[in-house]
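[1] Give the three-dimensional model of this entry:
(one chain, ligands or ions: 1)
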Amino acid sequence: MGKAVRVRCCRSCGHTNLVPVLDLGRTPLADRLAAPEDPPEADRTEPLAVVICSDCGLVQLTVTVPPDDLFGQGYPYYSSVSPALRAHFASTATALAGRYGLQRHARVVEIASNDGAMLRHLAARGLAVLGIDPSPGPASVARDVGVPTLDAYFDAALARRLVEEGWSADLIYAANVLAHVPDPGDFVTGVAQLLAPGGRAVFEVGYLGDLVGGLAFDMIYHQHLCYFSLTSLEALLIRYGLRILDVERLTTQGGSLRVHAGSDGAPSEAVAALRIEERRCGLVGGPVLARFAAAVHTLRDRLNALLAKLIADGASIAAYGAAAKATTLLAYCGIDDRTIAFVADLNPHKWGRRLGGSRLPIVPPARLVEAMPSHVLLLAWNFAEEILAQQAEYRRRGGRFIVPLPVPRVIGLDA
Ligand code: ZN
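    A predicted model of the protein is given here:
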């Protein structure tokens, strides 16, 4: 276990004008699931607070927990476990192959390729694919389905090594990883180096505008070091040799940006329009972030009041979704196994373990119908549609879901 490092300079531009935005207190490390026999004091906590750089606008955490403590052995996240994510990556493969006219033997590198959820579709089309991922479990699943995968963190040094070995990429895809790296400038430098002339890099990042607009404060956890607007992402890419050519808004991860970048070409109208929109609505250089912090405090009070009222009325409460965001929400709101009996999750790698901090035991989703708690707190609200459909039987029998964000509410069968 390494020590968390306090950040004094902006991770993107290096300046020191970092202004506090929101402090969520000390929270357990997300995704470090405990064994039932581990004592509660074994759950490691670290400060969880975000600041904004007043020079480049990048919103970021105040500490960096060593990546090996977050993503190493035992990292329980497998992209292919969720049907919604499987569908997302299959359609992403089709969209990227179509947009860039990727033919057989085109070279595609994916950074943080996890279990090959996207690349397996391109490998099946005969493209020359390479996955890069530091988590041994998911990387080994990827190799089993025919996706060559390096167990490694991507950085500029690895990019240079790959270039020396003769690799260059027509397309680099990096989804949900740029926000995880302690030195994003080095990462972008590596991407620029590894691109073939005329090649394109596609990044997907959680979008600050959606996080703030949806009060999705639980997307803030130690793995997510940066929270990008288009404006701050563009400043980062330009500084290290890439320009944004196009941008799409996605609904994945509670709201994401997909940007298409390269070292040549001109930005699309969509890029200019979103840039202007961020200024107009005050996400950049406006009071939006100050209001966000106050609204998050109010949300916590409302959720706790709702749970207290339900329990006073005789409710029994379980939860759904032992995802990283659950750790933040439960810790910040002070909700634990005194309020909630268990948390259901689709990922069998998590069953039998407990969430750090709250100590909720993690069980298969079938347990909801067996135990019939009167209410289920929907911690994985970003998969609401999928979960409500999967739990049709629980709902038919009278079970209700509590959606915590952006305003806590109870939904029954009619939703
Ligand atoms: Zn900065």
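[2] all contacts plus neighbour counts: C-alpha atoms, from now on.
    Noted.
[3] Pull out the buried positions in stretch 360-376.
    Going by neighbour count (16 or more other C-alpha atoms under 10 Å), the buried part of stretch 360-376 is 360-365, 367-369, 372-376.
[4] ok, residues contacting that stretch?
    With contacts defined as C-alpha atoms under 8 Å, 6 or more residues apart in numbering, stretch 360-376 is touched by 36, 315-320, 322, 336-337, 340-348, 350-355, 393-394, 398-402.
[5] what about 6 Å?
    Outside stretch 360-376, the residues that touch it by C-alpha atoms under 6 Å, 6 or more residues apart in numbering are 315-319, 337, 342-345, 351-354, 394, 399-402.
[6] Of those residues, which qualify as buried by neighbour count?
    316-319, 337, 342-345, 351, 353-354, 394, 399-402.
[7] So which of those are in strands?
    Judged by DSSP state E, the buried ones among the contacts of stretch 360-376 include 317-319, 343-344, 400-402 as members of strands.
[8] export these to CSV and tack on distance to the ion?
    Converted to CSV, those look like this (distance: C-alpha to the ion, whole Å):
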residue, distance to the ion
317, 43
318, 41
319, 38
343, 38
344, 39
400, 44
401, 40
402, 38
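[9] Adding distance to residue 168 and pLDDT, write those out as JSON lines.
    Formatted as JSON lines, those follow (distance: C-alpha to C-alpha, whole Å; pLDDT from 0 to 100):
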{"residue": "317", "distance to residue 168": "52", "pLDDT": "98"}
{"residue": "318", "distance to residue 168": "49", "pLDDT": "98"}
{"residue": "319", "distance to residue 168": "45", "pLDDT": "98"}
{"residue": "343", "distance to residue 168": "44", "pLDDT": "98"}
{"residue": "344", "distance to residue 168": "43", "pLDDT": "98"}
{"residue": "400", "distance to residue 168": "52", "pLDDT": "97"}
{"residue": "401", "distance to residue 168": "48", "pLDDT": "97"}
{"residue": "402", "distance to residue 168": "48", "pLDDT": "97"}
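[10] Quick one: name the residues of the protein near the ion.
    When proximity is defined as C-alpha under 5 Å from the ion, the chain approaches the ion at 10, 13, 53, 56.
[11] give me every residue that touches the residue in the stretch 151-300 of the chain that the ion sits nearest to.
    As assessed by C-alpha to the ion, the ion sits closest to residue 232 within the stretch 151-300 of the chain, at 7.9 Å. Applying C-alpha under 6 Å, 6+ apart to residue 232 gives the contacts 56-58.
[12] With residue 225 instead?
    Going by C-alpha under 6 Å, 6+ apart, residue 225 touches 60-61, 179-180.
[13] can you rerun that using 7 Å?
    By C-alpha atoms under 7 Å, 6 or more residues apart in numbering, the residues touching residue 225 are 60-61, 179-180, 182.
[14] do the same with residue 377
    Taking C-alpha under 7 Å, 6+ apart, we find residue 377 in contact with 318-320, 401-403.
[15] Now for the closest residue to residue 86 other than its chain neighbours, how many residues are close by?
    Excluding the flanking residues, the one nearest residue 86 by C-alpha to C-alpha, 6 or more residues apart in numbering is residue 80, at 5.3 Å. Using other C-alpha atoms under 10 Å, residue 80 is surrounded by 19 other residues.
[16] Wait, residue 80 touches residue 117, no?
    Yes. Under the criterion of C-alpha atoms under 7 Å, residue 80 makes contact with residue 117 at 5.6 Å.
[17] Mutual contacts of the two, please.
    residue 86.
[18] Distance-wise, check residue 356 relative to the ion.
    Going from residue 356 to the ion by C-alpha to the ion, to the nearest Å gives 32 Å.
[19] wait, isn't that residue in contact with residue 36?
    No. If you go by C-alpha under 7 Å, residue 356 and residue 36 don't touch, sitting 10.6 Å apart.
[20] So for the two, which residue has more residues nearby?
    residue 356 (30 against 14).
[21] Can you tell me the element the more buried one falls in?
    Counting by DSSP states H and E, there is no helix or strand that carries residue 356.
[22] Report the separation between it and residue 78.
    Residue 356 sits 19 Å away from residue 78, going by C-alpha to C-alpha, to the nearest Å.
[23] Could you do residue 227 as well?
    For residue 227, the distance to residue 78 (C-alpha to C-alpha) stands at 22 Å.
[24] returning to that earlier point: secondary structure class for the residue of the stretch 151-300 of the chain closest to the ion?
    The three-state assignment at residue 232 reads helix, by DSSP: H, G, I helix; E, B strand; the rest coil.
[25] do the same with residue 248
    Three-state assignment for residue 248 (three-state DSSP): strand.
[26] who does it bridge with?
    Taking DSSP bridges as the rule, residue 248 bridges to residue 258.
[27] That one reaches residue 260, doesn't it?
    No. If you go by C-alpha under 7 Å, residue 248 and residue 260 don't touch, sitting 8.6 Å apart.
[28] Pick out whichever of those two has more residues nearby.
    residue 260 (20 against 13).
[29] quick one: pLDDT of that one?
    Residue 260 carries a pLDDT value of 98.
[30] Could you pull up phi and psi at residue 52?
    Residue 52 adopts backbone torsions of phi -120, psi 140, taken as degrees, to the nearest 10.
[31] Neighbours of the closest residue to it other than its chain neighbours, how many?
    Among residues not flanking residue 52 along the chain, residue 59 sits closest, at 4.2 Å (C-alpha to C-alpha, 6+ apart). Here the number of neighbours of residue 59 (other C-alpha under 10 Å) works out to 26.
[32] Could I get the contacting residues of residue 59?
    Shown in contact with residue 59 (C-alpha under 7 Å, 6+ apart): 50-53, 226-228.
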